[in-house]
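Undergrad: A structural model of the following input is requested.
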Amino acid sequence: MARTMLLLLIAACVPALPNGGAAPQAAAAATTAEARQEIEQLSREKWRWMAERDMEKLERLFHEEAVFVHMGGTMTRAQELGVIRSGSIQYKHADIQETSVRFAGQTAVVLNRIRLLAVVGGNEVTNPFMVTEVYVREGGSWKLAVLAFTRLLGQ
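TA: Presented below is the predicted three-dimensional model:
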């Protein structure tokens, strides 16, 4: 049942092609490969911008309605930017071990398995996470709408 609901949700997100036709497979594959590469690069840059506290780039990247899910709770865009700006959480380095990207229309879902070195509450910690990033294509650019950390046990 859940699988059927997920498939219906994805189908509703994917725009119909004009005249009910299908795009040529080669062109679609090239576009998907380019978009996948663009999203993977953007995700990597995001980790660097967070570590460097590049607020200008992060403010452009984070969607106005973005949600951030941490082990201790959820944050709005303004709260996440405030935490980064103040150094309450210092993202020092994300060792990206595995990445996958999937698309549903103008939405990209990135899964990154990482080891994150951060300073939280004055303590340096390293944690293994599966990080879910959801990007939406808006006004010709990708915006980060969701960043959710899931701590991996036993790693």
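
Undergrad: Using neighbour counts, pick out the buried residues of stretch 97-114.
TA: For stretch 97-114, a neighbour-count test (16 or more other CB atoms under 10 Å) marks Thr99, Val101, Phe103, Thr107, Ala108, Val110, Asn112, Arg113, Ile114 as buried. (Glycine included, C-beta is placed from N, CA and C.)

Undergrad: Identify, from these, the entry nearest to Ile84.
TA: Proximity of the buried residues of stretch 97-114 to Ile84 was ranked by CB to CB; the top entry is Ile114 with 16.8 Å.

Undergrad: All the helices of the protein, residue numbers only.
TA: Here the chain has its helices, by DSSP state H, at 2-13, 25-52, 55-61, 77-86.

Undergrad: Who are the packing partners of the third one?
TA: Secondary structure elements in contact with helix 55-61, counted by 3 or more CB pairs under 8 Å, 6 or more residues apart in numbering; DSSP states H and E, are helix 25-52, helix 77-86, strand 141-151.

Undergrad: Worst mean pLDDT among these?
TA: With a mean of 84, helix 25-52 has the lowest mean pLDDT of these.

Undergrad: coming back round to it: tell me the one among the buried residues of stretch 97-114 nearest to Gln37.
TA: Val101 (9.0 Å).

Undergrad: ok, back up a step: deepest in the core, which of the helices and strands packed on helix 55-61 is it.
TA: Most buried of the helices and strands packed on helix 55-61, by mean neighbour count (mean count of other CB atoms under 10 Å): strand 141-151, with a mean of 17.

Undergrad: Just the CA trace of it, in CSV.
TA: Taking C-alpha atoms only, strand 141-151 is exported to CSV below (Å, rounded to 0.1, in the frame of the first residue of the first chain):
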residue,chain,number,x,y,z
SER,A,141,18.3,27.2,-10.0
TRP,A,142,18.2,24.4,-7.4
LYS,A,143,17.1,25.3,-3.9
LEU,A,144,17.6,23.1,-0.8
ALA,A,145,14.2,22.4,0.7
VAL,A,146,15.0,19.6,3.2
LEU,A,147,18.2,18.6,5.0
ALA,A,148,17.7,15.6,7.3
PHE,A,149,20.3,13.8,9.3
THR,A,150,19.8,10.2,10.3
ARG,A,151,22.5,8.8,12.6
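
Undergrad: Just give the closest residue to Val134, not the sequence neighbours.
TA: The shortest distance from Val134 to any non-neighbouring residue, by CB to CB, 6 or more residues apart in numbering, is to Val146 (3.8 Å).
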